[in-house]
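Trainee: return a 3D structure for these sequence lines:
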Amino acid sequence: MKAVFASIAMSATLAAFAVSGSEALAALPIGAAAPDFVGKASLGGKEFDFSLSAALKKGPVVLYFYPAAFTKGCTIEAHDFAEATAKFKALGAAVIGVSHDNIATLDKFSVSECRKKFAVVADPTEVVIKEYDAVLAKNPAYADRTSYVISPDGKVLFTYTNLDPDQHVALTLAAVKKWKSSKSASASP
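Mentor: Residues are numbered from 1 along each chain as shown. So this is what the prediction gives:
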């Protein structure tokens, strides 16, 4: 009887792992075409119309989705991206955050938490969040914490989903560096 319960427990554990693994794989795969979008954005409290295709003409884009402005994890992540913005810019990359928040909320968030360093896009109808498979499974009204690096040709170079904000900046920065070094190597005679 104990063996039956152990087998059931092991099956349940494996099933839970498979489900959590498939949720983590819900993001767009590497090599996929990144859906183009236009949205109302704020940088330092100043609103503008953000266009992914226009941003990609200047270099790669780090596009990160976060659940909600002014929550603990999202504030930590915004501070981390703000601190690293100069490093991304030195590599020719732009950082853009996206959440379901309205533009009035993001006007404030872009000043205080993003520290006027990078723009955040309002997606209150969650159209972009859904196109990027970044819906939070536990609460579909919010985005999951998913980060992408998108190459100038519009392809997904890197993707990472984890509600813990700690690794998003380091991993996306490493992906941008890898892209930059591959471009430099291919440009060498």
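
Trainee: name the residues of the helix or strand containing Ala185 that are buried.
Mentor: Ala185 is part of helix 168-187 when elements are defined by DSSP states H and E. Going by neighbour count (16 or more other C-beta atoms under 10 Å), the buried part of helix 168-187 is His168, Val169, Leu171, Thr172, Leu173, Ala175, Val176, Trp179, Lys180, Lys183. (C-beta placed from N, C-alpha, C; glycine too.)

Trainee: which pair of the residues you listed spans the longest distance?
Mentor: His168 and Lys183 (22.6 Å; C-beta to C-beta).

Trainee: from the chain's centre, how far out does stretch 55-75 sit?
Mentor: Relative to its chain's centre, stretch 55-75 lies at 5 Å (C-alpha atoms, centre = their mean, to the nearest Å).

Trainee: right, I mislabeled it, should have said stretch 28-37
Mentor: Put simply, stretch 28-37 sits 12 Å off its chain's centre (C-alpha atoms, centre = their mean).

Trainee: in it, what counts as buried?
Mentor: Neighbour-count burial for stretch 28-37 flags Leu28, Ala32, Ala34, Phe37 (criterion: 16+ other C-beta under 10 Å).

Trainee: same check, this time on stretch 54-68
Mentor: Here stretch 54-68 shows Ala55, Leu56, Gly59, Pro60, Val61, Val62, Leu63, Tyr64, Phe65, Tyr66, Pro67, Ala68 as buried, counting by 16+ other C-beta under 10 Å.

Trainee: that older thread, nearest to Lys89 among the buried residues of stretch 28-37?
Mentor: The closest of these, once distances to Lys89 are taken by C-beta to C-beta, is Ala34, at 20.0 Å.

Trainee: give me the nearest residue to the closest one, chain neighbours excluded.
Mentor: Nearest non-adjacent residue to Ala34, counting by C-beta to C-beta, 6 or more residues apart in numbering: Ile150, 4.5 Å away.

Trainee: again, but for Pro152
Mentor: Per C-beta to C-beta, 6+ apart, closest to Pro152 is Leu56, 5.0 Å.

Trainee: dihedrals phi and psi, the one you found?
Mentor: With angles defined as degrees, to the nearest 10, Leu56 sits at phi -70, psi -20.

Trainee: correct me, but it touches Ile150?
Mentor: Yes - the criterion here is C-beta atoms under 8 Å, and Leu56 meets it with Ile150 at 6.6 Å.

Trainee: fine by me, thanks again.
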